[in-house]
Structures are given as C-alpha cells and as structure tokens.
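Participant: give me the fold of what follows.
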Amino acid sequence: MILGVLKEPSPETRVSLHPEAVKNLVAAGNKVQIEKGAGEASFLSDELYKEAGAEIHERSAVLESSEMIFQIMPLSESERKGLTEGKFVIGVYQPLVAKELMTEVASQGITLFSMDSIPRITRAQSMDVLSSMSTVAGYKAVLLAASQLPRFFPMLMTAAGTIAPAKVLVIGAGVAGLQAVATAKRLGAVVEAFDTRPSVKEQVESLGGKFVEVPGAVEDKAAGGYAVEQSEEYKKKQSEMLEKSIVKSDVVITTALIPGRKAPILITKGMLQQMKPGAVVVDLAAANGGNCEGTVNEQTVVVEGVTIIGSSTLPSTMPEDATKMYSKNVQNFLKLLLKEDKINLNFEDEIIKGTCITHEGSIVYQPLLK
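Facilitator: Now for the predicted structure:
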C-alpha cells in the first residue's frame, strides 16, 4: 500500500505519522511518502523520516501517487476534487458537525475514515484519538489558566504571610476534565469537578478533587461515555448548584460537549458578573459555541472582569508529544485496516465500520444517517 502523509495547514503543528510509526509500516511492506517539511512544526526533520524508510516528495506528488492519504485537518476542496475516485483519506473530520462536507466527500468517491469517530469500546482504546488529544488539552488548559491568573495556585507560607490556594472548578469529568483535575491538584489548587454522570465521582475523588453532585442526572450507556441531553428540570437544578461553585472559583475549566450538538451554556453573563475580578475561564468547548457566554473560539477576551480563553486547538501547542500520541492511535488503527500491506475493509469489524464515514459514493456512517 502506498501511504502519503501531508503537511498540515497553519496553525496546526502536528503531523499524522511519527517516524517510529513510519518505520513499522515500511517494515510491514508498505511504501510511505512524506510531504517535504511535513514534520518540521513537530520538530521532526525530513532526515528522520528518510532514516525510517520514507520517501520525501512535493505535496502534489504525494496527493497524486498515494493510495491512502493522511492529513489531520480536512483536505481543501480543490485537493479533494483532484483525487481520483477510490482513494482513502484518514483525518479528523467531525462528521456530525460537518454534514455538508461529508456529502461532498461521498460524492467525490473518496473512502473517508475520521479518527474522531473511533467507537469508545475497550478494544479501541489504543486508537482513541479524542482521548489522547483530550489528555493534552486538559493538561495545557490548567497551565494557560495558571499563567493568566493574578494569584498563586498553591498555598504558600511566607514571611509576608500565608497565601491561600487557588480554587479551581472543572466542568465535565471526561478525559480532558480528569487531566485538568490532576494537573490543577499537582499545582496545589483546591479542586472541584462537576459532571452529569455520577459514575465519574470515584475517578474525580481518586485524583484529589471534590465532586459537585446534582441529583437526578440521566446517563445513557449507549452514548459511549459521553454526556447526554438532560431534562429542563435537571438543567435548572444544575445551574443553581453550579452557580455557587462558579462564583467562588478563581479558575473554571469547561469541557462539556454533546456530540453533534451545540455546546451547552453553563456559565452565564450573570455568573461572570459575580465571579472574582481577575478570575479565569478556559473554555475547551469553544469550537462548538462554548460553555461560557462571551467565549470566542481561539481568542482571549475579558468579560465582566473575567478572562475567558476560548481554545479548541491546544494539542497543537504541544506538537511533539501530541504527534506521538496521535500517530500511535493511527498506527494501531492501521493494524486492523491493513493486512499484509493490503486494505482490509472488513465492515463486520465494529471499529472499521464505526470509523468509516463515506465509501463508494455514499455516506455509510450510521450516526450521520440517523
């Protein structure tokens, strides 16, 4: 199989395959082509890829001759139209959000695998790109908050008196939220966490955080570990309970997302008005509208004296390790998709079926069809 890895458009700094993955893929009988300079932003030189067995080419040559193309960010419209029918593309396409784009991709005869659609099952954990990148985002969110907060995170006993520790609230205790809890705790903050899923209470507490529990939440095991839409009555109780924690916090990190829907507003302007001057909100749901009123994606704004950092690209700020993690996820997925350097489109496999979005001119991704 001829595999082609493209350089990502700015400001993305990651690259789809690390030289370690390239070495293994070449050893398995595949030919790997890398666009010139594809790994530079991740501190991976062309020489490292050559040593791993890859060939270095210009972008046009990689697009033309590769049977399977890797680029994390979606290909441009002109590049998609230039692909011959039947080519395979692997990236992160957010199919439940970019529905029109999926229709276009299908009409062009491209077989698309979107790594953010890997089923959240035990067997697929080693391929779960969302979990890997959420780990990076949760860690970096706390560091961003600490750099913006005009106070210390830990309690300090000094000759000038005692400095009280910062109070951090994490909303959403998924992978990003739990990593944020762990990181804030390591920095010495007093940490609380909220989630609509009572089942994550034990995980929060094991990391040293206090779980803010609102009784009456609905969980759905079929949601693959994601939060689900709650009743209006629950939302009202949730808002009242969260407001108490939000207004006393120095830092709030929000991670609440519902797949395929606009992010729920959890921090209103009224709450911002009651927060401490200089408080910081890091909104990791910014790309889907944000959990905080006033969030602007990829911008830092000040609303009612509160600094709001809207960021959905934090993995790109740590490209070296983020690339290693993403690449390992892709490499593990390819162990299923490629057998003896040949494509293995086994739609009986839950992982392959759940990750394939378009094939043979049609959308085949069941959640999108529904």
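Participant: what helix or strand is residue 252 on?
Facilitator: strand 251-254 (DSSP states H and E).
Participant: which strands and helices sit next to that strand?
Facilitator: If you count contacts as 3 or more C-beta pairs under 8 Å, 6 or more residues apart in numbering; DSSP states H and E, strand 251-254 packs onto helix 129-148, strand 167-171, helix 175-186, strand 280-283. Every residue, glycine included, has its C-beta placed from N, CA and C.
Participant: can I get these in TSV including mean pLDDT?
Facilitator: Shown next, in TSV, are those (pLDDT from 0 to 100):
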stretch	mean pLDDT
helix 129-148	97
strand 167-171	98
helix 175-186	98
strand 280-283	98
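Participant: figure out which of those is closest to residue 342.
Facilitator: helix 129-148 (23.9 Å; C-beta to C-beta).
Participant: contact partners for residue 136?
Facilitator: Applying C-beta atoms under 8 Å, 6 or more residues apart in numbering, one finds that residue 136 lies in contact with 314, 315, 318, 321, 322, 325.
Participant: mind checking which of those are buried?
Facilitator: 314, 315, 318, 322, 325 (16 or more other C-beta atoms under 10 Å).
Participant: could you look up the SS state of residue 302?
Facilitator: Following DSSP: H, G, I helix; E, B strand; the rest coil, residue 302 is assigned to strand.
Participant: next up, the contacts around it.
Facilitator: Taking C-beta under 8 Å, 6+ apart, we find residue 302 in contact with residue 308.
Participant: also residue 106?
Facilitator: Counting by C-beta under 8 Å, 6+ apart, residue 106 touches 112, 358, 361, 362, 363.
Participant: what do you get if the cut-off is 7 Å, keeping everything else the same?
Facilitator: Contacts for residue 106 (C-beta atoms under 7 Å, 6 or more residues apart in numbering) come out as 358, 361, 362, 363.
Participant: ok so it is a helix residue?
Facilitator: Yes - using three-state DSSP, the assignment for residue 106 is a helix.
Participant: how near is it to residue 80?
Facilitator: Applying C-beta to C-beta, to the nearest Å, the value for residue 106 to residue 80 is 11 Å.
Participant: which residues sit against stretch 202-220?
Facilitator: So stretch 202-220 is in contact with 173, 178, 181-182, 185, 191-194, 196-199, 201, 228, 230, 234, 237-238, 241, 245, going by C-beta under 7 Å, 6+ apart.
Participant: swap in stretch 20-32?
Facilitator: Contact with stretch 20-32 is made by 1-3, 5, 49, 52-54, 327-328, 330-331, 334, 338, 340-341, as judged by C-beta under 7 Å, 6+ apart.
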